[in-house]
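**Student:** Predicted structure and sequence below. I'll ask about it afterward.
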Amino acid sequence: MSTNPKVELTLPVMENMELAATKTAEVVAKSMGLDEMKTAEINMALIEACINAFEHSKSKENIYITYSIDGDTLTIKVGDKGEGFDSEVVAIPNIDEKINSEHKRGWGLQLMKELMDTVEFESSKSGTTVTMTKNK
């Protein structure tokens with residue numbers, strides 16, 4: 001394996017394209033020797049990041065994903081060219097209200113933070129990039 005390998009993926013806004021992102025993540029995680037649990041956590045966080053980019057960016061352009069391995073750390077960046085958001089303003093859902101609600105969605109940002117070692121958001125009017133890391 002080369003030093004600090006990087007995989008770049010471009011996905012159109014199409015139904016189920018987040019699955020292409022998870023298949024790529026599985027190959028990268030396996031090459032690092034990550035176990036099934038960590039790979040599953042990466043996939044769940046990645047699905048949330050992709051769905052957020054597809055649904056909330058309001059962009060019809062492709063999303064861009066990079067997977068970078070640096071030693072024992074996998075860094076995944078998911079970027080879109082949408083309208084951006086302020087992650088500090090997004091409310092963490094109240095679990096009691098969500099359980100009894102028709103609308104069970106809204107857990108994506110919190111879920112990503114729980115599943116990954118670090119999650120950072122960079123957002124402006126010209127797009128958002130979510131940077132997530134998982135350590136071996």
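**Tutor:** Noted; the coordinates are in hand.

**Student:** Low-confidence ranges, this structure, go.
**Tutor:** 1-2, 86-107 (pLDDT under 70).

**Student:** again, 90 this time
**Tutor:** Low-confidence segments of the chain (pLDDT under 90): 1-5, 13-15, 51-61, 82-111, 123-126.

**Student:** can you point me to the longest helix in it?
**Tutor:** The longest helix of the chain (DSSP state H) is helix 36-56.

**Student:** What residues sit buried inside that helix?
**Tutor:** Neighbour counts over helix 36-56 (16 or more other Cβ atoms under 10 Å) mark 38-39, 41-50, 52-54, 56 as buried. C-betas here are computed from N, CA, C, even on glycine.

**Student:** just stretch 109-122 next, same as before
**Tutor:** In stretch 109-122, counting by 16+ other Cβ under 10 Å, buried: 109, 111, 112, 115, 116, 119, 121.

**Student:** What ranges does the protein have for its helices?
**Tutor:** Using DSSP H, helices in the chain cover 18-32, 36-56, 95-99, 108-115.

**Student:** now the ones you listed as a markdown table including distance to residue 4?
**Tutor:** Shown next, in a markdown table, are the helices of the chain (distance: least, Cβ to Cβ, whole Å):
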| stretch | distance to residue 4 |
| --- | --- |
| helix 18-32 | 12 |
| helix 36-56 | 18 |
| helix 95-99 | 40 |
| helix 108-115 | 23 |
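
**Student:** Residue 85 is nearest to which of the ones you listed?
**Tutor:** Nearest to residue 85, of all the helices of the chain, is helix 36-56, at 6.8 Å by Cβ to Cβ.
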